[in-house]
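Chemist: Below are the sequence and a predicted model for it; my questions follow.
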Amino acid sequence: MGVKKEEIVFWLERVAEVMAANREYLTELDSAIGDADHGINMHRGFDKVKASLPEYASGDIGNILKTTGMKLMSSVGGASGPLYGTCFMRSGMALAGKEELDCADLLVLLKNCTEGIVQRGKPNPGDKTMYDVWLPSVQAYEQAASENGNNVLASLQAAVQAAREGMTATIEMLAKKGRASYLGERSVGHQDPGATSSYLMLQALLDVINT
Amino acid sequence: MVGIVVVSHSRTLVAGLKELVAQMVPQMEQIAFVGGIDDPENPIGTDPMQVMDAINRVAGRDGVLVLMDLGSALLSAETALDFLDTEVKELVRLSPAPVIEGTLVAAIQASLGANLEVVAREAENALRAKNSQLGYEAVSTLPEENITPRGLELRLVIHNPNGLHARPASRLVGCAGSFQADISVEKDGKLVNAKSINQVTTLGIRQGETVIFRFQGEDAEAAREAVRKLHGESFGESSAVFVAEPLAMPNTLSVEMEDGLCGIPVSEGIVIGVAALPDIRVPDVELVLCDDVDAEVARLEKAQLLAIEECEQLEQKAEQDFGSEEADIFTFHKLLLQDAETRQAAKKLITEEKYSAEYAWKTVTDGVAEEYRNIDDDYLRLRAADVVDIQRAVLVQLSDIFTPSFDFEEPVILIVHDLSPSEVAGLPKDKILGLCLAAGGPTSHAAIIAGSRGIPTITGIMEALSLVKDGQTVILDGGSGCLYPHPDKRTLAEYYFRQREQEHKRQILREQSHGPAITRDGVEIQIAANIAGTPDLALALEYDARGIGLFRTEFLFLDRDASPDEEEQYHIYRTVGQEMQNRPVIIRTLDIGGDKPVTYLHSEKERNPFLGLRGIRFTLANQELFLCQLRAILRASHGNGIHIMFPMVGTVQELKDAIALLEIAKRQVRGNQQSYNNDIPVGIMIEVPSAVAVADQLAPLVNFFSIGTNDLSQYVMAAERGNPRVALLPDPLHPAVLRMMKMAIDAAHRCNIHVGMCGALAGMPKAAGLLIGLGVDELSMNAPMIPGQKGAVRDIHTIEAQKIAEQALAMTSPEEVRTLLQMDEG
């Protein structure tokens, strides 16, 4: 069983809803260690995506992801704009022409997202960033897929499980990137907002495929 | 030229930075500023696409340096690179320089023609001067250039008042950079490269200090001469005054520049151009003989009487507005007009020579003026201009052919004795750079109209008429009230510079005024414009007014012999409604009486016109006139946002009567098969205390209130602005007035109707917090105030505003309120 184009569209819409619902929560997380705009930015970005989806939802998956990346770039406003924008654009380019994603394609998506973050943000593991969600998540997916014979759902469940753990692990980390890094020790004890929005995004994908 | 792109999270930050850079670098085309994102609610952020556009905008073959503030600005810039064409991308460099210092340094180096390599390096080293100044030089990790003292020497003492600070230093660097030779400059044993702005400023060369230049290379000799010459020109600093005090107040300036005249500032803007003085071109008066000598004498006497009356009005007004010294001019004019000898001489010319009144008066006053001109005393010689004034004042009364025409071929700075409001309204704006109303006051209707048309205007400079010649180049500074009749090169250079700065500022204002005014917590305050006619629309639209909060229709009725008819009014209202598209346009019905008498309508003199038949009282008593205006407004209201507003309403009955007449007007329009908006919103001015007292009874009958702060404060305080002995009492910031406003606003909001404010207070940025705190939904002001007020609103949080209002309402004097609003700082 693969992930159909309609499900990708549905996923993006779902992310928009999730970001709207978590706007205050993300902003609250960001106000502890950043500039208190992550929720606002993510909500604005995906709201824009949702609003313009009808214009480009008829393209192939690669196209949809790429256009989503463009929309995020120019509407998010904060650092997550270029970061998530690059994620989606890279994935879109790697998945050009696809109408449906199989287990390997989904790995391509996750990998490109992770590499996009590396390319843009140059993070190291443990820097208290969204990378601390994506890296374990893609690793868990790859391992699960090789063990369960490329079962999309089971692999993605493993990935989201790892994402959740990665997100929680950021609480104890000392920020090394972004504005949180200015706080040094004071950043310890707070969950990273970027890691949180990344987790929410992956969870939303699982929810869509699961239903 | 190397392009520069500055990326910041904040639009305000880049706007400020842009101002700083503009001081240093005249050509800004190669510098692009990207600040904030396109989200009025949360404007802080960066957008890679905007960065990409900016790079493309300034990219040329010399490359682009990008400076960024922090965080996402870096990511956005890096992302932008990914989207650029390869050939552009190769020439773009992202700079780790501190954004403010780096941008300034980069802009200077780029404007001097340095290549990307140099611009980038200099930007990175931008903290040097600061480090050195603060004694952190040791921690600077910047590589020192290896310079050895050699070559031709030149020892110079620096005379510039502020030493070789940024501007003269950049001139030096520019000069040095144009030679092949290695050029070093040394102070106190410290040696730097004279081609580097950072290094030169690091030396911190002050006035009176000696520096040694050394030149090594083929063109060393020429370079030495060039630097020597530049030193002789004070490194291009035009005015020592300006350098010492970049924001020098105008009065200090006029002292230093000597040839400036100071009047009263009315409407901002610096203009430099050719003066036109149609007023003092002595009107040609033909020699005409008269038959009826007695009638001719009577004509002259009547004209003299009217001129004296006019003079008394000006005298009173000047006394109120600026005190007795200014009023003395008019007292003197009156004395001249009353001068028995002059009058007798003119009368004699009529009776004995049968001269026409015009010719007799002209002949006599020409003689008087000539006598003054020949007096060996500067002060008295200047009084010749006053004689010319009274000569004109009487001639104008005798015949309207002496009213000047303002049809110029080229744009001019118009210098005239005074103009009527309609004359100012009719000035061709593209031909009038600036306006000097030599005898006018800042609050005359003419001045108000000039201000609302955005014409740089000054008043109260009688000397201008005698000291300026037609066709001469002059400088008029509407912000400081100064006029320079004979500007020297230094003054001209100085003002060209200021003018450019001001244009730049205005550009920023235009940008600032774009879009709605939304408080920090997301409440939109409608910022609207007050207008007196169609000429004001241009500026209202330029500053993106969200509507017209007050269209003072009485100006259509002033300065003419009969009321405008329905067609004429309809066309004007229609134009305003159409031009403003669907934005609200509040047309106030005729508000005459009080200080705005219209002689052909208001013939009976009242003992106390402010408490007499004015506003709605007058129009209810003159129903035909009222119905005519209502029909014109109704017809114009079809398909646009026109509202109707009644002035001076004090009782429920008055309002009901006015509404009843509006219904009659609607029937008449319907009867004529003409279309109109049957649901035209109706509102009232809140300016009479009784209206405040019964605001809860008035509110259900209308769609909106608009508070007129000027009249409301007079009536609440029972004191007239025009009476100098009580002029300080009617202060809109008096807590008594503020409480009345609050009552009216609360009553309106209980009925869910909109409350605007259209008095002078509404345009004051420092009052914005208070007014929003009181609860107004709309502020309407003269268009030039809009950008500042939008900016003020965007800085406000309504919770803070409410606190300010609460505090103000609890105070006991307007002085305390001013202190609270920090208005006493000027």
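Modeler: Nice, I can see it.
Chemist: Quick check: closest non-adjacent residue to the residue lying farthest from the centre of chain A.
Modeler: In terms of distance from the mean C-alpha position of chain A, A:E185 ranks first, at 26.4 Å (Cα atoms, centre = their mean). Nearest residue to A:E185 in three dimensions, chain neighbours excluded: A:L174, at 6.7 Å (Cβ to Cβ, 6 or more residues apart in numbering or on different chains). Just so you know, the C-beta spots here come from the backbone N, C-alpha and C atoms, and that holds for glycine as well.
Chemist: And the strands in the stretch 501-650 of chain B?
Modeler: Ranges of strands within the stretch 501-650 of chain B are B:517-518, B:524-531, B:548-552, B:585-588, B:642-646, based on DSSP state E, counting those that start in this stretch.
Chemist: Can you tell me the closest non-neighbouring residue to the closest residue to chain A within chain B?
Modeler: Nearest to chain A in chain B, going by Cβ to the nearest Cβ, is B:G45, at a distance of 2.6 Å. Once flanking residues are discounted, B:G45 sits nearest to A:G77: 2.6 Å by Cβ to Cβ, 6+ apart.
Chemist: Could you pull up phi and psi at the one you found?
Modeler: phi 100, psi -40 (degrees, to the nearest 10).
Chemist: again, but for B:G113
Modeler: Reported as degrees, to the nearest 10, the phi and psi values for B:G113 are phi 90, psi 10.
Chemist: Find me the pLDDT at B:V598, would you?
Modeler: B:V598 is assigned a pLDDT of 73 by the prediction.
Chemist: count of residues packed around the closest residue to it other than its chain neighbours?
Modeler: Leaving out its chain neighbours, the residue that sits closest to B:V598 by Cβ to Cβ, 6+ apart is B:I592, at 4.8 Å. By other Cβ atoms under 10 Å in any protein chain shown, the residues close to B:I592 number 23.
Chemist: Now do the same contact list for B:L156.
Modeler: B:T210, B:V211, B:I212, B:F213, B:V227, B:R228, B:H231 (Cβ atoms under 8 Å, 6 or more residues apart in numbering or on different chains).
Chemist: go again using 7 Å as the cut-off
Modeler: When contacts are counted by Cβ atoms under 7 Å, 6 or more residues apart in numbering or on different chains, B:L156 touches B:V211, B:F213, B:H231.
Chemist: How many residues are close by the first one?
Modeler: The criterion is other Cβ under 10 Å. On that basis, B:V211 has 21 neighbouring residues.
Chemist: how far away is the residue sitting nearest the centre point of chain B from B:Q199?
Modeler: Geometric centre of chain B, nearest residue: B:E268, 3.2 Å, by Cα atoms, centre = their mean. For B:E268, the distance to B:Q199 equals 40 Å [Cβ to Cβ, to the nearest Å].
Chemist: Residues in a beta bridge with B:G756, which ones?
Modeler: Counting by DSSP bridges, B:G756 forms beta bridges with B:S706, B:E778.
Chemist: I'd assumed B:S706 was in contact with it.
Modeler: Yes: contact criterion Cβ atoms under 7 Å: B:G756 and B:S706 qualify, at 4.2 Å.
Chemist: list the residues that contact both of these two?
Modeler: Common neighbours of B:G756 and B:S706 are listed as B:G549 (criterion: Cβ under 7 Å, 6+ apart).
Chemist: about what we covered before: and the pLDDT for the residue farthest from the centre of chain A?
Modeler: pLDDT at A:E185 comes out at 81.
Chemist: mind listing the helices for the stretch 1-150 of chain B?
Modeler: Assigned by DSSP state H, counting those that start in this stretch, the helices in the stretch 1-150 of chain B fall at B:11-24, B:48-58, B:72-83, B:86-89, B:99-111, B:116-124, B:128-133.
Chemist: worst average pLDDT in those?
Modeler: Lowest mean pLDDT within those: helix B:128-133, a mean of 74.
Chemist: Please point out which parts of that one sit buried.
Modeler: Within helix B:128-133, the residues scored as buried using 16 or more other Cβ atoms under 10 Å in any protein chain shown are B:R128, B:A129, B:N131, B:S132.
Chemist: name the element the residue positioned nearest the centre of chain A belongs to?
Modeler: Centrality entry for chain A: nearest residue to the mean C-alpha point is A:S198, 3.7 Å, by Cα atoms, centre = their mean. Assessed by DSSP states H and E, A:S198 sits inside helix A:193-210.
Chemist: from what I can see B:L287 touches B:E358, true?
Modeler: No: B:L287 is not in contact with B:E358 according to Cβ under 7 Å; the separation is 9.4 Å.
Chemist: ok, the two, which is more surrounded?
Modeler: B:E358 (24 against 12).
Chemist: That one against B:L395, yeah?
Modeler: Yes: if you go by Cβ under 7 Å, B:E358 and B:L395 touch, sitting 6.1 Å apart.
Chemist: And the helix or strand hosting B:V737, how far out from the chain middle?
Modeler: In this structure, B:V737 sits in helix B:735-750 according to DSSP H and E. Chain-centre distance of helix B:735-750: 31 Å, with Cα atoms, centre = their mean, to the nearest Å.
Chemist: Could you list every helix and strand that it packs against?
Modeler: With contacts taken as 3 or more Cβ pairs under 7 Å, 6 or more residues apart in numbering or on different chains; DSSP states H and E, helix B:735-750 sits against helix B:689-693, helix B:695-698, strand B:704-707, helix B:709-717, helix B:768-774, helix B:798-809.
Chemist: how many degrees apart are that helix and helix B:709-717 in direction?
Modeler: Orientation check (axes from the mean of the first three to the mean of the last three Cα atoms, to 10 degrees): helix B:735-750 against helix B:709-717 gives 110 degrees.
Chemist: and helix B:735-750, average pLDDT?
Modeler: For helix B:735-750, the per-residue pLDDT values average out at 97.
Chemist: By neighbour count, which bits of stretch A:45-61 are buried? Give me those.
Modeler: Residues of stretch A:45-61 classed as buried by neighbour count (16+ other Cβ under 10 Å): A:G45, A:F46, A:D47, A:K48, A:V49, A:K50, A:L53, A:Y56, A:A57, A:G59, A:D60, A:I61.
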